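Enquirer: next one to model:
(one chain, ligands or ions: 1)
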Amino acid sequence: MMPTSGSKYRWRLGELEIVRVLEFEAALFEPAVLYPDVTPEIIERHRSWLVPTLINPASGLMVFAFHSTVIKTPHATILVDTCSGNDKERPHKPRYHRKNWPYLANLAAAGFAPEDIDYVLCTHLHADHVGWNTRLLDGRWVPTFPNARYLFAQQEWEHWQRAELRASYTTDPYYDDSLLPIMESGQAQVVANDYAFDDSLGIQPGPGHTPGHVCVIARSPRASVILSGDIMHTALQCAEPQLNSCFCVDAEAARTTRQRFLEAFADSPVMVIPGHFPTPTAGWIRSHERSFRFHFDRLR
Ligand SMILES: [Zn+2]
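Expert: Here you go, the predicted structure:
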């Protein structure tokens with residue numbers, strides 16, 4: 001796995017500033033493993049635009065990015081999704097196991113110290129979205145962002161409280177090292193899945209991938225941005241919205257949410273920043289024949 005040199009990416013939206021902070025980016029997944037229902041014909045149909053950016057031509061693996069998105073408003077600084085983290089014991093997921101990513105250096109390069117973050121918000125509570133909630137300090141897991149309130153959507157929080165549901169996802173101890181310490185620190189706040197910070201920033205439900213999965217929407221009079229979390233893992237799911245990932249908890253709800261999301265934002269000026277699309281990550285959904293395509297923002 002190679003961290004890319006492009007560690008940050010920045011947009012301005014009226015009074016809001018939006019910055020992507022990369023943890024790592026790598027070709028990771030066989031299409032047929034990631035999407036159990038994909039066929040060789042589907043991959044062939046889209047190969048011309050999937051290779052080389054979205055599917056690595058040498059390995060045939062789909063490229064994933066893991067990043068946080070920082071939204072700075074005139075009133076607060078919000079960090080959305082906290083990637084996989086460092087020093088975590090993840091024996092069942094080697095891509096996250098005992099890592100030493102330069103994430104905090106990338107955050108600093110983007111202009112933020114951990115103390116600057118007022119709110120942390122996870123679109124959902126899978127291991128690759130909660131890792132930097134904590135860091136290892138003198139043998140203890142402590143909140144990485146000492147001044148932040150950590151917001152968790154209620155439905156999502158309640159789902160993962162149940163040990164048997166966690167066990168069906170992984171037996172790696174991500175709950176104990178990345179969620180429980182936040183609750184015990186008193187910095188956690190459970191919120192409704194339509195919580196709003198103010199008129200310009202809030203969350204909205206996008207259930208299916210996980211039951212309480214939320215998107216984050218930032219609005220300004222001239223342009224809006226939505227952070228879509230894991231409603232889609234790769235741009236292939238814009239073209240083939242029926243494809244669920246092997247990580248989706250509720251297959252039917254995941255398909256319905258994805259289809260509605262694509263219809264709602266197709267050909268609209270709303271920029272979409274998905275949870276794992278590779279650099280440049282952000283873009284727009286466009287209608288294409290009877291389906292959709294993702295038009296990536298240009299690198300600048
Ligand atoms: Zn994810």
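Enquirer: what count of nearby residues applies to the closest residue to the ion within the stretch 151-300 of the chain?
Expert: The ion sits closest to D230 of the stretch 151-300 of the chain, with a gap of 4.5 Å, by Cβ to the ion. In this view, the C-beta of every residue, glycine as well, is placed from N, C-alpha and C. Applying other Cβ atoms under 10 Å, we find 23 residues neighbouring D230.
Enquirer: gap between the helix ranked longest in the chain and the chain center?
Expert: If you go by DSSP state H, the chain has its longest helix at helix 251-265. Distance, stretch centre to chain centre, for helix 251-265: 17 Å (Cα atoms, centre = their mean, to the nearest Å).
Enquirer: briefly note if it comes near the ion.
Expert: No: contact of helix 251-265 with the ion (Cβ under 5 Å from the ion) is absent, the minimum separation being 12.9 Å.
Enquirer: next to the ion, which bits of the stretch 151-300 of the chain? Give me the list.
Expert: So the stretch 151-300 of the chain meets the ion at D230 (Cβ under 5 Å from the ion).
Enquirer: er, the stretch 1-150 of the chain I mean
Expert: Residues of the stretch 1-150 of the chain lying near the ion (Cβ under 5 Å from the ion): D128.
Enquirer: and the helices in the protein?
Expert: Under DSSP H, the chain gives helices at 31-34, 40-50, 103-109, 154-161, 163-169, 174-178, 180-185, 236-239, 251-265.
Enquirer: in the fifth one, what counts as buried?
Expert: Of the residues in helix 163-169, those with enough neighbours to count as buried (16 or more other Cβ atoms under 10 Å) are 166, 169.
Enquirer: could you pick out the longest strand of the chain?
Expert: If each strand of the chain is counted by residues according to DSSP state E, the longest one is strand 16-29.
Enquirer: and it, what does it pack onto?
Expert: Where contact means 3 or more Cβ pairs under 8 Å, 6 or more residues apart in numbering; DSSP states H and E, strand 16-29 is packed against strand 8-13, strand 62-72, helix 103-109.
Enquirer: who does that strand pair up with?
Expert: strand 8-13 (antiparallel), strand 62-72 (antiparallel) (DSSP bridges).
Enquirer: show me where pLDDT drops low in the stretch 1-150 of the chain?
Expert: 1-8 (pLDDT under 70).
Enquirer: quick one on the thing from earlier: looking at the helices of the chain, which one is packed in the most?
Expert: Mean neighbours per residue, mean count of other Cβ atoms under 10 Å, is largest over the helices of the chain for helix 236-239, with a mean of 22.
Enquirer: give me the distance from that helix to the chain's centre.
Expert: The answer for helix 236-239 is 17 Å, by Cα atoms, centre = their mean.
Enquirer: likewise for stretch 229-248?
Expert: On Cα atoms, centre = their mean, the centre of stretch 229-248 falls 13 Å from that of its chain.
Enquirer: same question for it, mean pLDDT?
Expert: For stretch 229-248, the mean pLDDT works out to 97.
Enquirer: count the residues that sit near the residue in the stretch 51-200 of the chain that the ion sits nearest to.
Expert: Among all residues of the stretch 51-200 of the chain, D128 sits closest to the ion, at 4.4 Å; criterion: Cβ to the ion. By other Cβ under 10 Å, the residues close to D128 number 23.
Enquirer: shouldn't it be in contact with Y96?
Expert: Yes: in terms of Cβ atoms under 8 Å, D128 counts as a neighbour of Y96; the distance is 6.5 Å.
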